[in-house]
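Got a predicted model here, sequence first, then my questions.
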Amino acid sequence: MSRRVAGALIGIVFGVALSWGGMTSPVVIRSALLFEQSYLFLFMGSAMATATLGLWFLKRRERHALLAATKLTWPRERIHRRHIAGSLIFGIGWGIADACPGPIATQVGQGIGWGVITLTGVVIGVYAFLRIGTRETEPALQPAPVQRATTRAAPI
C-alpha cells in the first residue's frame, strides 16, 4: 500500500470519527468553550489518554514510522516566544471560528459552506506564517547570556 493511500485512509477514518463525534458542529464546540458542556473535553481527554498510552508503548521499544523510513524520536524543545504567540493565535481563532483544523477539513468534506470560509482563513494564516518565516535563532524564554566586551589593539 502506498504512503498516499495509507495517509488518505487514516484521514478518512479521522474525519469520520470527528463527524460522528459531533466535532464539526459549532454548537458543540461553543458550548464547551463556554463551559456549558463537558463533552468536548471528555472527547479530547480520551484521545489524549489513548495517545499517551500509545506513545508510552512506542517509547519502550525502538520503532520506525509506519508511512516513512525514519526512526521515531521524541526530541525536547525549549519554549520559545513563537510557541506562546502561536498558541494564543490558535486559541483566539478557535474561539472565533468554533473550529480547529481537523473539524474544518471535515466540514469541507461534508460540504458545509462556512467550512470553506474558515478554511480560507486557515490557508491565509499558514501562507502569512510561511511568508514571514520562522526565526530559528529566536532565544528561548530565558535571559540572554552576557557578552563580554573585547578590546582590540589599535593599528599603528
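Thanks, I have it.

State the helix or strand in which the nearest residue to residue 22 once chain neighbours are set aside lies.
Nearest residue to residue 22, sequence neighbours excluded (C-beta to C-beta, 6 or more residues apart in numbering): residue 28, at 4.7 Å. Bear in mind the C-beta positions are built from the backbone N, C-alpha and C, glycine included. Here residue 28, judged by DSSP states H and E, is contained in helix 26-33.

got a list of contacts for that helix?
With C-beta atoms under 8 Å, 6 or more residues apart in numbering as the test, helix 26-33 has contacts from 22-23, 37-41, 94-95, 98-99, 103.

from the residues you listed, which would you call buried?
Buried subset of those (neighbour count, 16 or more other C-beta atoms under 10 Å): 23, 40, 98-99, 103.

Closest one of those residues to residue 130?
Nearest to residue 130 among these is residue 99, at 21.4 Å by C-beta to C-beta.

Contact partners for the closest one?
24, 26, 29, 107, 115, 118.

can you rerun that using 10 Å?
Applying C-beta atoms under 10 Å, 6 or more residues apart in numbering to residue 99 gives the contacts 23-26, 29-30, 93, 105-107, 112, 114-115, 118-119, 122.

Show only the entries of those residues found in helices.
Those of those mapping onto helices are 26, 29-30, 93, 105-107, 114-115, 118-119, 122, per DSSP state H.

From the residues you listed, list just the buried residues.
Buried by 16+ other C-beta under 10 Å: 26, 29, 93, 105-107, 115, 118-119, 122, out of these.

circling back to that earlier point, other SSEs contacting whichever helix or strand comes after the helix holding residue 28?
Note on helix 26-33: by DSSP H and E, the next helix or strand toward the C-terminus is helix 39-60. With contacts taken as 3 or more C-beta pairs under 10 Å, 6 or more residues apart in numbering; DSSP states H and E, helix 39-60 sits against helix 3-20, helix 26-33.

what would those helices look like in TSV with distance to residue 74 and mean pLDDT?
Listed next are the helices and strands packed on helix 39-60 as TSV, based on distance: least, C-beta to C-beta, whole Å; pLDDT from 0 to 100:
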stretch	distance to residue 74	mean pLDDT
helix 3-20	20	86
helix 26-33	29	81
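
Output the ones you listed as TSV; include the columns distance to residue 47.
Converted to TSV, those look like this (distance: least, C-beta to C-beta, whole Å):
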stretch	distance to residue 47
helix 3-20	9
helix 26-33	14
